[in-house]
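Student: Below: sequence and its predicted model.
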Amino acid sequence: MVIAIATLLLCQLAGEGLARGLGVPVPGPVLGATLLLALLFLRDKAKPVLPREINDGSLDNAANMLLANLSLLFVPAGVGVIQNLQVLRTHGLALALALVVSTILGLLVTAFVFRFVASLTNAEPQTGEDMQ
């Protein structure tokens, strides 16, 4: 389990290093997750050189354990919000508006991308009646 967690943390660290070192406008955790995805795709081909824990399910178990306790990772964010209540009082309406607008835009872009990809693959999007 230790090697599995170390693998997850090393992917995170490598992502942070790439993001800061190359100056790319992509967050380090996103790059780290991409590196982890590449590692998972390549784990069958690189089986002899990778640690046993990557192929025996330990990595999956470590990731599931972290996901099960994900709510604990929100505690520092909550403390940060409490420490900056004055900013929230001053700019709360603008922040709420930005959250609502960005959520709506994200949903719209997702729907348009889905329809575009469906048209490229000649697939018809299913409606509620089609699913019954």
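Tutor: That came through, no problem. Since we're looking at a predicted model, the values are computed, not measured. Numbers count the residues shown, from 1 in each chain.

Student: from here on, contacts and neighbour counts on C-alpha atoms
Tutor: Will do.

Student: residues contacting the residue nearest to Arg20 when sequence neighbours are not counted?
Tutor: Distances taken as C-alpha to C-alpha, 6 or more residues apart in numbering place Gly28 nearest to Arg20, at 7.6 Å, with adjacent residues excluded. Gly28 makes contact with 12-20 under the criterion C-alpha atoms under 8 Å, 6 or more residues apart in numbering.

Student: Tell me which helix or strand comes right after the helix or strand bottoming out on mean pLDDT in the chain.
Tutor: Taking mean pLDDT, DSSP states H and E as the measure, the helix or strand of the chain with the lowest value is helix 52-55, at a mean of 70. Sequence-wise, the next helix or strand downstream of helix 52-55 (DSSP states H and E) is helix 58-68.

Student: Identify the residues contacting the next helix or strand after that next one?
Tutor: For helix 58-68, the succeeding helix or strand toward the C-terminus, using DSSP H and E, is helix 75-83. Here helix 75-83 makes contact (C-alpha under 8 Å, 6+ apart) with Leu88.

Student: Could you say which of the contacts of Gly28 is surrounded by the most neighbours?
Tutor: With neighbours taken as other C-alpha atoms under 10 Å, the top of the contacts of Gly28 is Gly15, carrying 23 neighbours.

Student: Fine, thanks again, bye for now.
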